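Participant: quick one: sequence and predicted model below, then my questions.
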Amino acid sequence: MHFLEHYYHNIIKYDLINRFNYKNIKVIPKLEKIILNFGCKTFELKKLSPSLLALQLITMKKGKLTVSKKPNIVLKIRKGNPVGCRVILTKNLMYKFFTKLLIEVLPRLKNRTLIKKLQSKNALTYNFENTLIFKELEKNYLLFNVLKNLQVTFLTNTKTNEELFFLLNSFKFSTEMTKNMLQM
């Protein structure tokens, strides 16, 4: 069991029960998965292969190509062409990546401003503009300097925004950013 998972089961779960007065143990919010996504507006393999390799280096899990569901005439993309890549992390790999994010990546950010987007009441997306803050990618600058935004989405089973931000703050994940989102 990863130490963050142990921390969730022994401390955060009881904090959530005290804060929101849950009567059923099955409705207690938890972090279900983390999705990392690189989107490209072209289907050239030259631009997709570094992003696929970067995801594999960051997460230690093989990524998958995402294909377009609809044709786009403006971007000259046909239906079924690859347009990005993503990795879905669950269980132990999710907690390992979350630890890397908390300990190594977020302290290296200089301006601490991330583009954040609230998709629904159970998902929060952060866009990292500079992907070279990961040590694995920094070593091979010439290969990974062309990468675009990395989207990191946290999926939970929360029902309100307040539960979502309380859960992420309990993991000590950038409290000042989530406080600003809660006030919006």
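Facilitator: Nice, thanks for sending it over. Residues are numbered from 1 along each chain as shown.
Participant: residue 142 and residue 155, how far apart?
Facilitator: Applying CB to CB, to the nearest Å, the value for residue 142 to residue 155 is 34 Å. For glycine as for every other residue, the C-beta is placed from the backbone atoms N, C-alpha and C.
Participant: what does residue 61 give?
Facilitator: Plainly put, residue 61 is 16 Å away from residue 155 if you go by CB to CB.
Participant: so these two - more neighbours on which side?
Facilitator: Per other CB atoms under 10 Å, whichever of residue 61 and residue 155 has more neighbours is residue 155, with 19 against 16.
Participant: what helix or strand is the more buried one on?
Facilitator: Taking DSSP states H and E as the criterion, residue 155 maps to strand 150-156.
Participant: what does residue 146 give?
Facilitator: Using DSSP H and E, no helix or strand contains residue 146.
Participant: which residue packs closest to it, ignoring adjacent ones?
Facilitator: For residue 146, ignoring the flanking residues on the chain, the nearest one in space by CB to CB, 6 or more residues apart in numbering is residue 50 at 6.6 Å.
Participant: same question for residue 138.
Facilitator: On the basis of CB to CB, 6+ apart, the spatially nearest residue to residue 138 that is not a chain neighbour turns out to be residue 132, at 5.2 Å.
Participant: tally of neighbours for the one you found?
Facilitator: Per other CB under 10 Å, the neighbour tally for residue 132 reads 17.
Participant: how about the contacts made by it?
Facilitator: Residue 132 sits next to 138, 141, 144, 145 when contact means CB atoms under 8 Å, 6 or more residues apart in numbering.
Participant: filter the residues you listed to the buried ones?
Facilitator: Among the contacts of residue 132, those classed as buried by neighbour count (16 or more other CB atoms under 10 Å) are residue 144.
Participant: which SSE is immediately downstream of the helix or strand harbouring residue 65?
Facilitator: Taking DSSP H and E as the criterion, residue 65 maps to strand 64-67. Sequence-wise, the next helix or strand beyond strand 64-67 is strand 82-90, with elements assigned using DSSP H and E.
Participant: now the angle from that next one to strand 150-156?
Facilitator: Direction vectors for strand 82-90 and strand 150-156, defined by axes from the mean of the first three to the mean of the last three CA atoms, to 10 degrees, enclose an angle of 40 degrees.
Participant: from now on call the first residue 34
Facilitator: Noted, 34 is the first residue going forward, which turns the last one into strand 115-123.
Participant: direction included, what does strand 115-123 pair up with?
Facilitator: Each strand that strand 115-123 pairs with, and the sense of that pairing, follows from DSSP bridges: strand 64-72 (antiparallel), strand 97-100 (antiparallel).
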